[in-house]
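*Asks:* no sequence on this one, just coordinates:
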């Protein structure tokens, strides 16, 4: 099955700086890559996603890039704010698996005011 | 529109006891999922149901069974609970491929 690795496991940045979280995947059949944000004690929520036919996608301060050849994708958060502090998860979904998702182990982001 | 709901919110079991975790969605979604979340392990798929009437094993199915009762409801059963099943369990659903996956609020399970 698919194997998704996520780095770093923890990340601290000063407010206003950028944060980058990276994920790699192993199954070349994966074609959908969502990112989730989970605040303490809450449920994961989708923040952005990208399909394999696109190299980059932006939504205000958040962007995701995908390199299919290298099998890695990254989350970029610019102008970080304290409310961005949370755990972020990447995931990959291989085609033909009935919408099965494989998650990374998460990155705990702390934005220091 | 309640989204994805789960019951119970919290449960304590003794080793060997059984229980069923309930999940329901009111968004007319086709696919439903059960995950467990453990510290440092991310979300791991236990079972999923791509559509009503079908269920498939995920990464960590041992010790669990599921039932897709109808399009709305997907239950997870622990037949003989073990301390290793102490975790937070999330149910989720999506309408279609590439659709947004919505999660329930989670069930915190402690097995003594």
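*Replies:* Done, it's in. Values in this document were obtained by computation on a predicted structure and should not be read as measured data. Residues are numbered from 1 along each chain as shown, chains lettered A, B, ... in the order given.

*Asks:* CA only for contacts and neighbour counts going forward, please
*Replies:* Will do.

*Asks:* list the contacts for residue 108?
*Replies:* Here I'm looking at chain A. Shown in contact with residue A:108 (Cα atoms under 8 Å, 6 or more residues apart in numbering or on different chains): A:9, A:10, A:11, A:85, A:86, A:87, A:88.

*Asks:* That was the other one, I meant chain B.
*Replies:* For residue B:108, the contacting residues are B:9, B:10, B:11, B:86, B:87, B:88, B:89, by Cα under 8 Å, 6+ apart.

*Asks:* Tell me the buried residues within these.
*Replies:* B:86, B:87, B:88, B:89 (16 or more other Cα atoms under 10 Å in any protein chain shown).

*Asks:* so which of those comes closest to residue B:75?
*Replies:* residue B:89 (11.5 Å; Cα to Cα).

*Asks:* okay, and for chain B, where does confidence drop off?
*Replies:* For chain B, no stretch is flagged by pLDDT under 70.

*Asks:* can you list the residues of it near chain A?
*Replies:* Residues of chain B lying close to chain A by Cα under 8 Å from any Cα of the partner chain are B:31, B:40-45, B:48, B:50, B:58, B:90, B:96-98, B:100-106.

*Asks:* Which residue comes closest to residue 65 once chain neighbours are left out?
*Replies:* Assuming you mean chain A. residue A:56 (4.4 Å; Cα to Cα, 6 or more residues apart in numbering or on different chains).

*Asks:* You answered for a different chain; I wanted chain B.
*Replies:* residue B:77 (5.1 Å).

*Asks:* Would you confirm that the one you found contacts residue B:64?
*Replies:* Yes - between residue B:77 and residue B:64 there is a contact at 5.7 Å, judged by Cα atoms under 8 Å.

*Asks:* For the chain, which segments count as strands?
*Replies:* Answering for chain A, as no chain was given. Secondary structure of chain A (DSSP state E): strands located at A:4-7, A:10-14, A:19-25, A:30-38, A:45-51, A:56-59, A:62-67, A:72-77, A:86-94, A:102-103, A:107-112.

*Asks:* my bad, the chain I had in mind was chain B
*Replies:* B:4-7, B:10-13, B:19-25, B:31-38, B:42-49, B:56-57, B:64-68, B:74-78, B:87-94, B:102-103, B:107-111.

*Asks:* Chain B versus residue A:109, what's the distance?
*Replies:* 14 Å (Cα to the nearest Cα, to the nearest Å).

*Asks:* what's that residue in contact with, if anything?
*Replies:* By Cα under 8 Å, 6+ apart, the contact list for residue A:109 reads A:10, A:11, A:12, A:13, A:84, A:85, A:86, A:87, A:88.

*Asks:* Could you count how many residues lie near the nearest residue to residue A:105 once chain neighbours are set aside?
*Replies:* Of all residues not flanking residue A:105 in the chain, residue B:42 sits nearest, at 4.0 Å (Cα to Cα, 6+ apart). Counted with other Cα atoms under 10 Å in any protein chain shown, residues neighbouring residue B:42 total 22.

*Asks:* What's opposite residue B:42 in the beta bridge?
*Replies:* Beta-bridge pairing for residue B:42 (DSSP bridges): residue B:38.

*Asks:* what sits against it?
*Replies:* By Cα under 8 Å, 6+ apart, the contact list for residue B:42 reads A:89, A:103, A:104, A:105, A:106.

*Asks:* if we can go back for a sec, what is the neighbour count of the residue nearest to residue B:65?
*Replies:* Neighbours of residue B:77 (other Cα under 10 Å): 16.
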